[in-house]
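Participant: pasting the sequence and the predicted coordinates here, then a few questions.
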Amino acid sequence: KSGSSPSQHAAGDSYAARADDLRQRLRGAEAPSAWELELEELADYGDACRFAGRIEESETTFTELLEHAVAREHPRWTCVARVGVGNARCARSEWGQAVEVLTPALEDAAEAGDAVLRARAECVLASARFNQGGLDDARTLLERAARTAGEHEVPSIKVPATISLGVVALAQGNLAAAGVHLDGGVRLAEQVDDQHWAAMGRSYQAMHAHLGENFELAAERYVDSHAELKTLGLRRATGVCSFAWALLEGKK
């Protein structure tokens, strides 16, 4: 779930209106088929809130999901919940707190025997470690996640893992590897109509051109990427693009 695009989980009024009823039904659900369905919907709601920028509400939702999952001793749902909380903490740049909740999520996924879920957790943990300066750790996590996603044919993980590998390569000054990862990730995102990650990838392609001193191409890509990210409502990514674009303009 954590890798889904905004187009898949729009946090509209209908989702918000159902939240209270959903939580009330969850508290009274005892049959496995019933409570697992409720957890699924709660996870969808938490993701929808995150994509809409309602980060506090998203974390509250996944924290509640975590309580239910722990009470039922269900490692798969415990992992899903921890990944949701970790995503919210990453969105607030609380990298250390994100690592704290995401590290046991890997153990949950292993206990559940769910390689795909582990790969989702690895992608989010990689983001936290990257922002803590752990570039090698981030690359290792992303390589493993991308490999698992390829084996199980899960583009919702393969796309962000591949593009994120490009970002790590940019940070490490490996422009050749960055170009390969970014081009491949954007191409796959376009194939599966993942607008979120396609836009993110294209913004990093602009930075790739910038760092490669192809300033004319970089300027063109910054203009297009900034408009695309802003239209999609990806505020954090829009800010990063604006900052990089300003650096380019400052060279003129």
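Facilitator: Yep, that arrived.

Participant: for the stretch 151-252 of the chain, what spans make up the helices?
Facilitator: 155-171, 175-191, 195-211, 215-232, 235-250 (DSSP state H, counting those that start in this stretch).

Participant: distance to Arg89 and mean pLDDT added to those helices, as TSV?
Facilitator: Every residue, glycine included, has its C-beta placed from N, CA and C. Below are the helices of the stretch 151-252 of the chain laid out as TSV (distance: least, Cβ to Cβ, whole Å; pLDDT from 0 to 100):
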stretch	distance to Arg89	mean pLDDT
helix 155-171	17	97
helix 175-191	24	97
helix 195-211	19	95
helix 215-232	22	92
helix 235-250	13	87
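
Participant: which stretch among these comes nearest Pro75?
Facilitator: helix 155-171 (18.9 Å; Cβ to Cβ).

Participant: show me what that closest one is packed up against.
Facilitator: Counting contacts by 3 or more Cβ pairs under 8 Å, 6 or more residues apart in numbering; DSSP states H and E, helix 155-171 packs against helix 115-131, helix 135-152, helix 175-191, helix 195-211.

Participant: out of these, flag the one nearest Pro104.
Facilitator: helix 115-131 (9.5 Å).

Participant: make TSV from the helices of the stretch 151-252 of the chain and add distance to Trp77 and mean neighbour count to it.
Facilitator: Shown next, in TSV, are the helices of the stretch 151-252 of the chain (distance: least, Cβ to Cβ, whole Å; neighbours: other Cβ atoms under 10 Å):
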stretch	distance to Trp77	mean neighbour count
helix 155-171	18	24
helix 175-191	28	19
helix 195-211	24	23
helix 215-232	29	17
helix 235-250	27	15
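
Participant: turn those helices into a markdown table, columns for distance to Ala98.
Facilitator: Converted to a markdown table, those look like this (distance: least, Cβ to Cβ, whole Å):
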| stretch | distance to Ala98 |
| --- | --- |
| helix 155-171 | 15 |
| helix 175-191 | 22 |
| helix 195-211 | 18 |
| helix 215-232 | 22 |
| helix 235-250 | 14 |
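
Participant: just put the helices and strands packed on helix 155-171 in JSON lines and tack on distance to Gly250.
Facilitator: What follows is these, written out as JSON lines (distance: least, Cβ to Cβ, whole Å):
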{"stretch": "helix 115-131", "distance to Gly250": "24"}
{"stretch": "helix 135-152", "distance to Gly250": "26"}
{"stretch": "helix 175-191", "distance to Gly250": "21"}
{"stretch": "helix 195-211", "distance to Gly250": "12"}
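
Participant: out of those, nearest to Glu100?
Facilitator: Checking those against Glu100 by Cβ to Cβ gives helix 115-131 as the closest, at 9.3 Å.

Participant: what about that closest one, distance to the chain center?
Facilitator: Chain-centre distance of helix 115-131: 9 Å, with Cα atoms, centre = their mean, to the nearest Å.

Participant: from the contact counts, what lies against it?
Facilitator: helix 75-91, helix 95-112, helix 135-152, helix 155-171.
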